[in-house]
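Novice: All I have is the shape, not the residue letters:
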């Protein structure tokens, strides 16, 4: 009994140390997670030699599962930005459904079609559109558009592959990517739309005061166009997609329709437009559709027990994403300089690096937990029947997110902790992954870099950012949990 108490104490110290190192000491999450992993291995029966082996094996296992998937997914998303695909699709959809549908259009598109675009980049690309369209929706328009961006980007990030957090969580828990995509979309898309519906209703009773919640044009700390152009830590070197487009208004931080072009700018853009022609919108969207349809077809083929070497090859997630990225590269090569495309690919690889290393170390943590005997303790705790296992998974991820302030770090760390016992829970592992993603959305706050980036790009005060980012994301977390629990009844 004393050994178990010591094990629990050392595990608590390791996890608390990870949180303290990130939140208080400002260590990079990778360092903090590795320190906690090593501490747990060295203070339990894993021992010095076993710790080295477990860290290496756990890291290699996860990287073997998700390394190339994350890289190809982020490259695909980066190449989509080169052809302005997201902006053009949103604009086309608005013409079809009208301006009043714009929040739901944003939430649906960002949470399903554009999850391969890195979340920070997706925010930079979509924020100018949201700010331009917000005033047309009334005095609470900018708030509604802020909620739409939150619901779309963050829900897609954790639920819908190839979102990097969704792929990482699926890889750590050994969930087939096709299964993660289909069930993640089944949870994610309704969550995004229901979140918008609930948030729009809440906003009617929640006091929104533009003078307190929105920054005046002269008071805004960062112009969104400036951030997109000048801050390499937040935006790829390829720059804002809208600023590249010869036929569209440059991205600025202004919320209205201002920013008229000078005659010189018009002449330059007309000349560029004469020499370059964007591919048709359907053609531009084809790369992501091909990848997603092939991944979904692979999951369907597995469910139907279809045995075919050709089907197996084409629907393998690596091949599906490779084909999509290759097609996106070919399309981009027709309309952009080769140097710009190479820069986009290089930026994509630099973006996915931290997520890959963090995911690998989370795999190491899972391996140490399994070797230490903590997996058995967790398994008993989850099987007591006091709470449904999926609710406990959600709570673990929610607590980690409140403590750490990062969705990706919280979801990936929760997956690493739960990986050794995920297969023993009386529920499909894919639902464990979705519950972890759901919990990782709970209560974002000021320790998140995304929080401050969101504030700057949308032009909100801190109070306004809480209302437009923290509240919608918490709604998404609470809404997605019962959807996941209902799905478990039919599993």
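Specialist: Received, thanks. Fair warning: this is a prediction, and the values are worked out from it, not measured in the lab.
Novice: Kindly state the pLDDT recorded for residue 148?
Specialist: Residue 148 carries a pLDDT value of 94.
Novice: is it true that it touches residue 103?
Specialist: Yes. Residue 148 lies in contact with residue 103 (C-beta atoms under 8 Å); the separation is 4.0 Å. For glycine as for every other residue, the C-beta is placed from the backbone atoms N, C-alpha and C.
Novice: Between these two, which is the more surrounded one?
Specialist: Using other C-beta atoms under 10 Å as the criterion, residue 148 and residue 103 rank with residue 148 on top: 31 against 27.
Novice: what residues are up against that one?
Specialist: Residue 148 makes contacts with 102-104, 106-107, 110, 130, 196, as judged by C-beta atoms under 8 Å, 6 or more residues apart in numbering.
Novice: Filter those down to the ones in helices?
Specialist: If you go by DSSP state H, the contacts of residue 148 have 102-104, 106-107, 110, 130, 196 in helices.
Novice: From the residues you listed, pick the one nearest residue 29.
Specialist: residue 110 (24.6 Å; C-beta to C-beta).
Novice: Tell me how many other residues crowd residue 419.
Specialist: Residue 419, neighbours per other C-beta under 10 Å, totals 27.
Novice: element containing it?
Specialist: helix 407-422 (DSSP states H and E).
Novice: Can you work out which other helices and strands pack against that helix?
Specialist: helix 2-23, helix 141-159, helix 164-172, helix 338-372, helix 374-382, helix 389-404, helix 429-439 (3 or more C-beta pairs under 8 Å, 6 or more residues apart in numbering; DSSP states H and E).
Novice: Tell me the confidence at residue 182?
Specialist: 94.
Novice: how about CSV for the helices and strands packed on helix 407-422, with distance to residue 298 added?
Specialist: Putting those into CSV (distance: least, C-beta to C-beta, whole Å) gives the following:
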stretch, distance to residue 298
helix 2-23, 35
helix 141-159, 18
helix 164-172, 13
helix 338-372, 22
helix 374-382, 30
helix 389-404, 25
helix 429-439, 14
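Novice: Of all those helices, which one is nearest residue 410?
Specialist: Residue 410 lies closest to helix 389-404 among those, at 3.7 Å (C-beta to C-beta).
Novice: And the closest one, what's buried?
Specialist: For helix 389-404, a neighbour-count test (16 or more other C-beta atoms under 10 Å) marks 389-390, 392-404 as buried.
Novice: Output the contacts of residue 148 as CSV; include the columns pLDDT.
Specialist: Below are the contacts of residue 148 laid out as CSV (pLDDT from 0 to 100):
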residue, pLDDT
102, 86
103, 91
104, 91
106, 89
107, 93
110, 92
130, 88
196, 95
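Novice: Closest one of these to residue 328?
Specialist: Closest to residue 328, out of all of the contacts of residue 148 and judged by C-beta to C-beta, is residue 110, at 17.9 Å.
Novice: Tell me the pLDDT of the residue found closest to the closest one once you drop the neighbours it is linked to in the chain.
Specialist: Distances taken as C-beta to C-beta, 6 or more residues apart in numbering put residue 152 closest to residue 110, at 2.7 Å, once the chain neighbours are dropped. Per-residue pLDDT puts residue 152 at 94.
Novice: hang on, the earlier thing: common neighbours of residue 148 and residue 103, please.
Specialist: Listed as contacting both residue 148 and residue 103 by C-beta under 8 Å, 6+ apart are residue 196.
Novice: quick one: residue 487 and residue 169, what's the gap?
Specialist: From residue 487 across to residue 169, the span is 16 Å (C-beta to C-beta, to the nearest Å).
Novice: before we move on, the earlier item: could you pull up the mean pLDDT of the helix holding residue 419?
Specialist: Helix 407-422 shows a mean pLDDT of 91.
Novice: List the residues that contact the nearest residue to residue 142 once chain neighbours are set aside.
Specialist: Among residues not flanking residue 142 along the chain, residue 134 sits closest, at 3.6 Å (C-beta to C-beta, 6+ apart). Neighbour list for residue 134: 141-146, 255 [criterion: C-beta under 8 Å, 6+ apart].
Novice: One more: residue 159?
Specialist: Each residue near residue 159 by C-beta under 8 Å, 6+ apart is listed here: 111, 166, 184-185, 187-188, 191, 434, 437-438, 480.
Novice: for the contacts of residue 148, which one is nearest residue 412?
Specialist: The closest of these to residue 412 turns out to be residue 110 (C-beta to C-beta; 21.0 Å).
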